[in-house]
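Student: coords below, sequence missing:
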């Protein structure tokens with residue numbers, strides 16, 4: 001038996017590892033198109049980055065439900081009930097202090113009973129008005145806040161170097177497993193080749 005044949009599984013494992021690592025590298029490199037006779041080459045992510053960015057922005061906007069929750073939350077009467085004590089304090093201060101400062105003549109004819117009546121009317125009107133005003137505010141915010149454009153612009157502002165670093169940092173474990181899978185499949189292929197040579201000898 002030619003003992004050099006024993007290197008076949010190890011060489012196949014190394015080749016599998018290199019092929020998988022090269023495939024992962026080709027995701028990011030070359031960042032700019034490289035021209036060759038008859039064809040050009042560019043990393044898959046840099047080449048299709050604009051399309052990916054647009055698709056991610058559209059997907060995120062379609063799945064983004066936070067505005068619905070915000071609209072329901074701020075227009076919920078229960079939200080007003082939580083802040084009502086603070087509002088009542090300010091209304092009371094307005095009627096008893098600020099109104100007297102701005103319009104001294106009127107304050108002379110307004111006693112505690114009238115102040116309490118006015119405060120009750122103000123607070124009741126506020127309870128009726130609050131959900132409509134906040135609902136309209138949330139609706140205006142939704143129409144003015146273009147989630148898809150915000151996400152697309154944010155992703156577009158990331159450089160290719162930063163994007164690669166973030167992806168590699170987030171997928172480090174997966175990439176190492178991907179490389180080892182290449183080595184393992186190469187080793188198996190090498191062992192099969194070695195066994196075939198021994199059987200055919």
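Tutor: Happy to help now that I have it. Since the model is a prediction, treat every value here as computed from it, not as a measurement.

Student: which elements pack onto the longest helix along the chain?
Tutor: If each helix of the chain is counted by residues according to DSSP state H, the longest one is helix 112-144. In terms of contact count using 3 or more Cβ pairs under 8 Å, 6 or more residues apart in numbering; DSSP states H and E, helix 112-144 is assigned the packing partners helix 66-74, helix 77-93. Where C-beta positions appear, they are placed from N, C-alpha and C, glycine not excepted.

Student: which one, of the ones you listed, ends up nearest to residue 8?
Tutor: helix 66-74 (57.2 Å; Cβ to Cβ).

Student: could you give the mean pLDDT of the closest one?
Tutor: In this model, helix 66-74 has a mean pLDDT of 67.

Student: ok, stretch 2-21 next?
Tutor: On average, stretch 2-21 scores 87.

Student: centre of the chain to stretch 180-190, how far?
Tutor: Taking Cα atoms, centre = their mean, to the nearest Å, one finds the center of stretch 180-190 at 37 Å from the center of the full chain.

Student: what are the buried residues along the following helix or strand past the longest helix of the chain?
Tutor: Elements were assigned by DSSP states H and E; along the chain past helix 112-144, the next helix or strand is helix 147-157. Of the residues in helix 147-157, 147, 148, 151, 152, 155 count as buried by neighbour count, 16 or more other Cβ atoms under 10 Å.
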